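**Student:** next comes the sequence, and after it the predicted model I'd like to discuss.
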Amino acid sequence: MKICIIMSTYNGEKYIEQQLDSIFKTPKNIFLYVRDDGSKDGTQKILDEYAEKYPDKISWYQGENIGVIKSFFELIEKSDEKVEYYAFSDQDDYWHKEKLSAGIKQIKNMTNYDVKEPLL
């Protein structure tokens, strides 16, 4: 099972390290795909540091400032279609260690869920 986490960032240096640390404490089968929306603070430097620390777990790229909604849509369009689950993350969230596994367990326990349909 592979989980793709999608994150759009913009001037998030104040909180992003806390969120990235919390994400990397979740299940090992994750991949974080980040689009920076033209940050002017230290966000890009932090993303570089984490990409160096977790080269198989994170990929990010710099985009021009198009706003959060368009940024997330661009990430969705460019993400890997061969994963079982997607999760969306804000740069200033903090995820509990069991967040993803608990959510996936809930999905799997649904009796009338058709895996061909999206579920939020």
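**Tutor:** Structure's in. What do you need?
**Student:** residues in contact with Lys99?
**Tutor:** Counting by Cβ atoms under 8 Å, 6 or more residues apart in numbering, Lys99 touches Thr26. In short, each C-beta sits where N, CA and C put it, glycine included.
**Student:** kindly report the same for Ile6.
**Tutor:** Taking Cβ under 8 Å, 6+ apart, we find Ile6 in contact with 33-34, 72, 75-76, 79, 86-89.
**Student:** figure out the helix or strand that it lives in.
**Tutor:** strand 3-9 (DSSP states H and E).
**Student:** any idea which element the closest residue to Trp95 other than its chain neighbours lies in?
**Tutor:** Using Cβ to Cβ, 6 or more residues apart in numbering and skipping residues adjacent in sequence, the residue nearest Trp95 is Ser22, 4.3 Å away. For Ser22, the host element (DSSP H and E) is helix 16-23.
**Student:** which one is Trp60 nearest to, not counting chain neighbours?
**Tutor:** Distances taken as Cβ to Cβ, 6+ apart place Val34 nearest to Trp60, at 3.7 Å, with adjacent residues excluded.
**Student:** ignore the last one, Gly67
**Tutor:** Asp37 (7.1 Å).
**Student:** which helix or strand lies directly C-terminal to the helix holding Ser22?
**Tutor:** Next along the chain from helix 16-23, counting by DSSP H and E, comes strand 30-36.
**Student:** name the helices or strands packed onto that following strand?
**Tutor:** Strand 30-36 sits against strand 3-9, helix 16-23, helix 43-53, strand 58-62, helix 68-78, with contacts defined as 3 or more Cβ pairs under 8 Å, 6 or more residues apart in numbering; DSSP states H and E.
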